[in-house]
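> give me the fold of what follows.
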Amino acid sequence: MIALYTDENVDQRIVRALRRRAVDVLTAHEGGLTGSVDDARHLELATAKARALLTADTDLLAIGHDWTTAGRPHAGIIFYHQRWTTVGHVVNQVYRIAQGLEAQDVRNRIVFISWNRRRPTAGGA
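I've put the predicted structure just below:
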């Protein structure tokens, strides 16, 4: 099972739901990183604690890519897009990843949660 670290952009409903499913989640607040912390610090803390970073922050995609390109290891990034998916979908997908993979499977990788944007029905309802 993969242990997770969440930055301050992750919806707390996701954190609570993952914990109810017995996923090991450490939040930025619990890790002592709150406020205007440089995004790279989140990846540093997650890596130091051997936790994949769950985020919706696109800046961390670039940071993760730069680290990998430079040969700097990280514990992995799991990214979801806040506007194009629902809390329930993120929880289900992250739970599957956390249960189905080991830490080495995501090390130095970026894993994308699929989108499930709901489309309006006919008539805009």
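> skipping adjacent residues, who's closest to Phe79 in space?
Nearest non-adjacent residue to Phe79, counting by Cβ to Cβ, 6 or more residues apart in numbering: Phe112, 5.4 Å away. (Each C-beta comes from the backbone N, C-alpha and C, glycine too.)
> and the gap between that neighbour and Gly76?
12 Å (Cβ to Cβ, to the nearest Å).
> okay, the two: which has more neighbours?
More crowded of Phe112 and Gly76, by other Cβ atoms under 10 Å: Gly76, with 27 against 12.
> now do the SS call for Gly35.
Per DSSP: H, G, I helix; E, B strand; the rest coil, the local secondary structure of Gly35 is coil.
> what sits against the residue most central in space within the chain?
Geometric centre of the chain, nearest residue: Leu54, 1.3 Å, by Cα atoms, centre = their mean. Leu54 makes contacts with Leu4, Tyr5, Thr6, Asp7, Val10, Ile14, Val25, Ile78, Tyr80, Val94, as judged by Cβ atoms under 8 Å, 6 or more residues apart in numbering.
> in the sheet, who's paired with Leu54?
Counting by DSSP bridges, Leu54 is bridged to Thr6, Ile78.
> so what pLDDT did it get?
On pLDDT, Leu54 comes in at 97.
> likewise for Ala122?
For Ala122, the pLDDT comes out at 47.
> can you check Tyr95 too?
If you check Tyr95, the pLDDT there is 97.
> ok, it touching Ala22?
No. Judged on Cβ atoms under 8 Å, Tyr95 makes no contact with Ala22 at a distance of 9.4 Å.
> the more surrounded of these two?
Of the pair Tyr95 and Ala22, Tyr95 is the one with more neighbours under other Cβ under 10 Å, namely 16 against 11.
> any idea how far the strand or helix carrying that one is from the chain center?
According to DSSP states H and E, Tyr95 maps onto helix 87-100. For helix 87-100, the separation from the chain centroid amounts to 10 Å (computed by Cα atoms, centre = their mean, to the nearest Å).
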